[in-house]
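Engineer: For reference, the sequence and a predicted model appear below.
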Amino acid sequence: MSATIDIEHPAAASATPGPLLKRRRHGMSDRAIAWLFITPTIALLLAINVFPLIWTIQASFTNYRANMGWLKVRNVGTGNYSDILSDPDLWAGMQTTAHFVFWSILFEVVLGFGLALLVNRKFRGHSLWTTIILLPMMLSPAVVGNFWTFLFQPQVGLFNYVVSFFTGIPPSSFQMIGDVGLAPWTIVLVDTWMWTPYVMLICLAGLRSIPDSIYEAAEVDRASTWRTFWSVTLPMVVPFLMLAILFRAIENFKMFDMVNLLTNGGPGSLTETVSITLKRAAFEKWQTGWSSALAIILFVAVFGAANIYVKVLNQVKRR
Amino acid sequence: MTSASTAHSVVDATARTKWISGVIVVIYALVTITPLLWIFLTSFKTSADAVAYPPKVFSQPSLEGYCNLFNISSRQTPEFMASLPPPQGYCARVARERGMVIAGPSKTPGRLLNSLVIGFGSTFLAVFLGTLAAYALSRFRVPVKDDLLFFILSTRFMPPIAVAIPIYLMFRQLGLLDSYIGMILLYTAVNVSLAVWLLKGFIDEIPREYEEAALVDGYTRLQAFVKTVLPQATTGIAATAVFCLIFSWNEYAFAVLLTSGNAQTMPPFIPFIIGEGGQDWPAVAAATTLFVVPILIFTVLLRRQLLRGITFGAVRK
């Protein structure tokens, strides 16, 4: 983490094979090796990702139920899709997801960017403390969701105790997980705890990619600290910030594991993100056809976002 | 913003701003690490101390949680207890104090073994396939290379539950549900996309001159790959392997839907460690501690490569 974080030089990335490498007399041809090396990976991805995807598209037009294989599978055309898009419960789930995505990313960006600015001051020991801050994002979201339920225990949990210590509210008077008003914020809180370091690390890379010479020039121009921040620091960090925001947005849009173990979508279906709806429809109600259609809708949304993500990624890479 | 007091240079912060920044960062770090420390402390508490009010920071250290994690105990009548010979070993003594006897080993060692086998198996395969593909994509002209790279990465963005629906049916058909082979193949497929992107970044950085020299010396392309590229890519391969291992180790969604016993890994197992009357928190905390410590160690070792890992090799340190 320490010392230098800078972006590769453009020259290093895009070298093309020299003419020397094309003509050789023995061994396999480069073409053969290229295909031999790439094919297994592509074959695996076709088998595990693309083939199931095609199957899902097919199933999404039927009323297939995977637990009742004996039922005659009927083609329902686009029935599942129109069902889903006109289902008020599903739109409520989308709103839940949007609330979760919006607020968690907002907090992560504010905290992460702030921390990155502070860490970038390179105070003594910053490397050690940065490493400590990074730890939560490497953990298993499922295990994180599970142990936070312990911290959120109404009477004996550490979180409630700390809140009551500072505010005087009795620790048994509120439930972070069971309360209708608090539960949507509980998942935001835990996600922020876990993923702020992610945003911080990427912002830090952005800050360190800014050459000192630009700051020196701003100083010569007698630009104020604010002005330097708005017209030098921020614009230079924005592509990195976009990278972090897009990735977190995709990940949180499809969030399943942490929320499933923290609130299990409850109370009621108040924290039921779209992935939890999908899991319930597919593996508890066994509406395979209907959930395939929902899966396709999710996939299209994620695929679109991933496309933008990769564009930003390539833009950052060229810096 | 935070840089308010630096009237002169922004490049070199003054001693005072450095000091203030340091204090804020340290406070954040301490707050953020507290939940983890709390779980660690809880794993060394007795069941009563774990749920005491007010919460006890320091308590009589006990390995009860670890005992309960690895053993199944059952409650017995006082008469039966009185008829038993004195307990052998620490865990038996702790159980005896609670009016229980150890009935046998728990499922924990099996689940840990599953996590290790599936984690290492899928990591090995993903890194093996990823190294080959990354080399080819780094060094050769491959038609539609950019589309191929995007396709490889896009598979990683698929929502796991959406993928799990057809995979569940496919595995059921092939008899791969709840099996090592099924889980290893699935995790390999998820990891290989990261492996290709990361390793391509690492291999791009190895100068071509070494290989070209080897080729001039009469090596075949394959020999040049094995003798010059692989040795120089060792750090990259090791870092990639650790990222793959951490993913497989942490994965929950596929594991909970596609495994139930034989191949169940730790993440879906830990929430179901229960004692008499609900979750046995010291045992859950013990399992969490054992599960998390390897990741923490790897994170510290990997800290210089983390940025690459979370940006698919695009942003280097």
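Structural biologist: Structure received. Numbers count the residues shown, from 1 in each chain, chains lettered A, B, ... in the order given.

Engineer: who's in contact with residue 254?
Structural biologist: I went with chain A, as the question did not name one. A:274, A:275, A:298, A:302, B:159, B:160, B:161, B:162 (C-beta atoms under 8 Å, 6 or more residues apart in numbering or on different chains). Every residue, glycine included, has its C-beta placed from N, CA and C.

Engineer: look at chain B instead
Structural biologist: B:160, B:163, B:164, B:167, B:183, B:186, B:187.

Engineer: between the contacts of residue A:254, which is nearest residue B:124?
Structural biologist: The closest of the contacts of residue A:254 to residue B:124 turns out to be residue B:160 (C-beta to C-beta; 21.8 Å).

Engineer: Taking the stretch 101-250 of chain B, what residue is nearest to chain A?
Structural biologist: Nearest to chain A in the stretch 101-250 of chain B, going by C-beta to the nearest C-beta, is residue B:220, at a distance of 2.8 Å.

Engineer: For that residue, which non-adjacent residue is spatially closest?
Structural biologist: Computed as C-beta to C-beta, 6 or more residues apart in numbering or on different chains, the closest residue to residue B:220 that is not its neighbour in sequence is residue A:27, at 2.8 Å.

Engineer: in the stretch 201-317 of chain B, which segments are predicted with low confidence?
Structural biologist: Scanning the stretch 201-317 of chain B for pLDDT under 70 picks out B:277, B:317.

Engineer: One more pass at 80, please.
Structural biologist: B:275-279, B:316-317 (pLDDT under 80).

Engineer: Could you look up the SS state of the residue nearest to the spatial centre of chain A?
Structural biologist: What sits nearest the mean C-alpha location of chain A, by C-alpha atoms, centre = their mean, is residue A:251, with 2.6 Å. Secondary structure, DSSP: H, G, I helix; E, B strand; the rest coil: residue A:251 is helix.

Engineer: What of residue B:86?
Structural biologist: coil.

Engineer: how near is it to residue B:73?
Structural biologist: Per C-beta to C-beta, to the nearest Å, residue B:86 is found 17 Å from residue B:73.

Engineer: between these two, who's got more neighbours?
Structural biologist: residue B:73 (22 against 7; other C-beta atoms under 10 Å in any protein chain shown).

Engineer: So which of the contacts of residue B:254 reach chain A?
Structural biologist: The subset of the contacts of residue B:254 within reach of chain A, by C-beta under 8 Å from any C-beta of the partner chain, is B:160, B:163, B:164, B:167, B:186.

Engineer: So which of those is the closest to residue B:41?
Structural biologist: For the ones next to chain A among the contacts of residue B:254, the residue nearest residue B:41 by C-beta to C-beta is residue B:160; the value is 32.6 Å.

Engineer: what ranges do the helices span in the stretch 101-250 of chain B?
Structural biologist: With helices called from DSSP state H, counting those that start in this stretch, the stretch 101-250 of chain B shows them at B:108-139, B:145-157, B:160-174, B:180-204, B:209-216, B:221-224, B:230-232, B:234-250.

Engineer: got the ones you listed as JSON lines, with distance to residue B:95 and mean neighbour count columns?
Structural biologist: Shown next, in JSON lines, are the helices of the stretch 101-250 of chain B (distance: least, C-beta to C-beta, whole Å; neighbours: other C-beta atoms under 10 Å in any protein chain shown):
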{"stretch": "helix B:108-139", "distance to residue B:95": "16", "mean neighbour count": "22"}
{"stretch": "helix B:145-157", "distance to residue B:95": "46", "mean neighbour count": "17"}
{"stretch": "helix B:160-174", "distance to residue B:95": "39", "mean neighbour count": "21"}
{"stretch": "helix B:180-204", "distance to residue B:95": "33", "mean neighbour count": "24"}
{"stretch": "helix B:209-216", "distance to residue B:95": "62", "mean neighbour count": "16"}
{"stretch": "helix B:221-224", "distance to residue B:95": "60", "mean neighbour count": "18"}
{"stretch": "helix B:230-232", "distance to residue B:95": "52", "mean neighbour count": "13"}
{"stretch": "helix B:234-250", "distance to residue B:95": "30", "mean neighbour count": "21"}
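
Engineer: JSON lines for these, including distance to residue A:293?
Structural biologist: Below are the helices of the stretch 101-250 of chain B laid out as JSON lines (distance: least, C-beta to C-beta, whole Å):
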{"stretch": "helix B:108-139", "distance to residue A:293": "30"}
{"stretch": "helix B:145-157", "distance to residue A:293": "19"}
{"stretch": "helix B:160-174", "distance to residue A:293": "11"}
{"stretch": "helix B:180-204", "distance to residue A:293": "23"}
{"stretch": "helix B:209-216", "distance to residue A:293": "50"}
{"stretch": "helix B:221-224", "distance to residue A:293": "47"}
{"stretch": "helix B:230-232", "distance to residue A:293": "46"}
{"stretch": "helix B:234-250", "distance to residue A:293": "29"}
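
Engineer: quick one: residue B:99 and residue B:76 touch, right?
Structural biologist: Yes. Between residue B:99 and residue B:76 a contact is recorded at 6.9 Å, counting by C-beta atoms under 8 Å.

Engineer: More neighbours: which of these two?
Structural biologist: Between residue B:99 and residue B:76, counted using other C-beta under 10 Å, the more crowded position is residue B:76 (17 against 12).

Engineer: What sits closest to that one if chain neighbours are left out?
Structural biologist: Closest residue to residue B:76 apart from its sequence neighbours, by C-beta to C-beta, 6+ apart: residue B:101 at 5.6 Å.

Engineer: In contact with the one you found, which residues are there?
Structural biologist: Counted by C-beta under 8 Å, 6+ apart, residue B:101 has contacts B:73, B:74, B:76, B:81, B:84, B:92, B:95.

Engineer: What of residue B:140?
Structural biologist: With C-beta under 8 Å, 6+ apart, residue B:140 has these contacts: A:17, A:30, A:31, A:33, A:34.

Engineer: does whatever residue of chain A ends up closest to chain B count as helix, strand or coil?
Structural biologist: Closest approach of chain A to chain B (C-beta to the nearest C-beta) occurs at residue A:27, with a separation of 2.8 Å. Under three-state DSSP, the three-state class of residue A:27 is coil.

Engineer: For it, grab the count of nearby residues.
Structural biologist: Look at residue A:27: counted by other C-beta under 10 Å, it has 16 neighbours.

Engineer: pretty sure it contacts residue B:225?
Structural biologist: No. If you go by C-beta under 8 Å, residue A:27 and residue B:225 don't touch, sitting 10.5 Å apart.
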